[in-house]
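Asker: Generate a structure from the sequence data that follows.
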Amino acid sequence: MNSERLRRPSKFLIYMLVLMHVLTGCVNTMATKSDSKGVETGPKLSSSINNEVSKVSYSGIKLDVIIPAFSPGLSDNAANYEEDNVWPELRRAEANRFAYKLKKALDNTGMFGAVRVAPNNTASGDLYVLGEIVESNGVDVEFGLTVIDVSGKKWLDDNIKHEVGEGFYENPRNAGKDAYAPIFDKAASEIIDVLLAEDPATLGELKNIADLRFGASFNDKAFVQHLDTNSNPMKLVSMPSDADPLYQRVQSVRVREQLFIDNMQPHYGGFSQQMENSYLLWQEASFTEVKLQKEAKAKSFWKIVGGVVLVAVAVAAAANSSPYDNNISNELTAVAAGVGGAALISSGITSKKEAEFHQDSINELGESVNLEMSPQVVSFEEETVELTGGIDEQFDQWRQFMARMYELEATPSMQL
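Answerer: Numbers count the residues shown, from 1 in each chain. Okay, here's the model as predicted:
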């Protein structure tokens, strides 16, 4: 009887250690399964092929696209930034970079007219692509994507996600490449899908509605009468005569706005290129830090679980011991399990501190990119204006300048 009682803690200990081994094996198995991409031979599944957008034959109406600088996705509470792995300066820089990257992806499809990055959604265009950054940490990138045409019809409202693969930085062919590039191709593909689903006749009307809405921003009485603004989306009722002097004037001013925004594109491109080297280094470093942080957290979790199990073994062994037993194996088992459990818990806490260290490293990386805008001087004919402040302020000043240009054109005695 005594010998049987002495064996109980040993069996319990063995069972618990086996359980720990099984749990650890499950983790490794799950990791292996999650890393697996399926059968390695034969033709690949369509879902596994890189979603790179290429030019396709398209003979339909090519809409002009406006992509305002993305919303950086910053919360109102700055205290949440560090907790949410958000770095404001980096996000503001990414807001401009992401818009430009999406512009390039849409340009590459050959299915749109002029694709322009603009400071905000008041710029004149046929189709508006709005983005808001949800996450960007070097491993996971996600942004909300909303597509609305100039009539107010919403084409698309979706979240686009991409996870940088484990082997991206191990492939020498990826040197100097943006790890986030696939997400912009994926977004362009979704926009093309909804474009092809639209009625070509409706697309043609969008061009006219865009002209009228731009005119209404200077003279609503002259142009709103041609639109049914009570319907949602708004509808085209009629068009002014091509000989209408008001219509001619507003078309002239609209061309100048388009030229102004065209002149801004090298600015966005230059900014994206200027931050390219630093940003790609940040991506790779942040990728490594996030992976290490996740591994440290996982290691901490399983060490603490193992420690708790061993402490439980110690308690069980002590509870099963009897004051009448002369054999001290139970006590030794309890002490060994307790010490081992405490050591694992302590090691787990150390791993947590390691994770916090990596978190601090990520925060420091995020402070290395800043966004600056320089003043610029624009001229048309004999009119010149200096635009200062941020890009939004400069665009507002430009619109005021255009309003004055419109008034000058509306005065027959004045020559531009």
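Asker: Can you report how many residues lie near the residue nearest to Q397 when sequence neighbours are not counted?
Answerer: With sequence-adjacent residues excluded and distances taken as C-beta to C-beta, 6 or more residues apart in numbering, Q397 is closest to L387, at 4.9 Å. Every C-beta, even on glycine, is put in place using the N, C-alpha and C of the backbone. A count of neighbours around L387, defined by other C-beta atoms under 10 Å, yields 19.
Asker: Keeping just the C-alphas, turn stretch 133-148 into CSV.
Answerer: Taking C-alpha atoms only, stretch 133-148 is exported to CSV below (Å, rounded to 0.1, in the frame of the first residue of the first chain):
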residue,chain,number,x,y,z
ILE,A,133,-4.0,53.4,-42.5
VAL,A,134,-5.1,50.8,-39.9
GLU,A,135,-1.8,49.1,-39.2
SER,A,136,1.8,49.3,-40.4
ASN,A,137,4.5,47.6,-38.3
GLY,A,138,6.8,46.0,-40.9
VAL,A,139,5.1,42.7,-40.8
ASP,A,140,1.4,43.5,-41.1
VAL,A,141,0.0,46.4,-43.2
GLU,A,142,-3.6,47.2,-43.6
PHE,A,143,-5.6,50.2,-44.8
GLY,A,144,-9.3,51.0,-45.3
LEU,A,145,-10.2,51.6,-49.0
THR,A,146,-13.2,53.5,-50.0
VAL,A,147,-14.0,54.3,-53.7
ILE,A,148,-16.7,56.9,-54.5
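Asker: Pull out the buried positions in that stretch.
Answerer: 133, 136-139, 141-145, 147-148 (16 or more other C-beta atoms under 10 Å).
Asker: One more: stretch 94-107?
Answerer: Neighbour count says stretch 94-107 has 94-106 buried, by 16+ other C-beta under 10 Å.
Asker: so for it, what's the average pLDDT?
Answerer: The average pLDDT within stretch 94-107 is 95.
Asker: Contacts for it, please.
Answerer: Outside of stretch 94-107, the residues within contact range by C-beta atoms under 8 Å, 6 or more residues apart in numbering are 53, 65, 67-72, 112, 115-117, 129, 131, 133, 136, 143, 178, 180-181, 184-185, 187-188, 191, 265, 268-269, 271-272, 275, 279, 371, 391.
Asker: So which of these belong to helices?
Answerer: Here DSSP state H is the test, and those give 181, 184-185, 187-188, 191, 265, 268-269, 271-272, 279, 391 as lying in helices.
Asker: which of the residues you listed are buried?
Answerer: Applying 16+ other C-beta under 10 Å to these flags 181, 184-185, 187-188, 191, 265, 268, 271-272, 279, 391 as buried.
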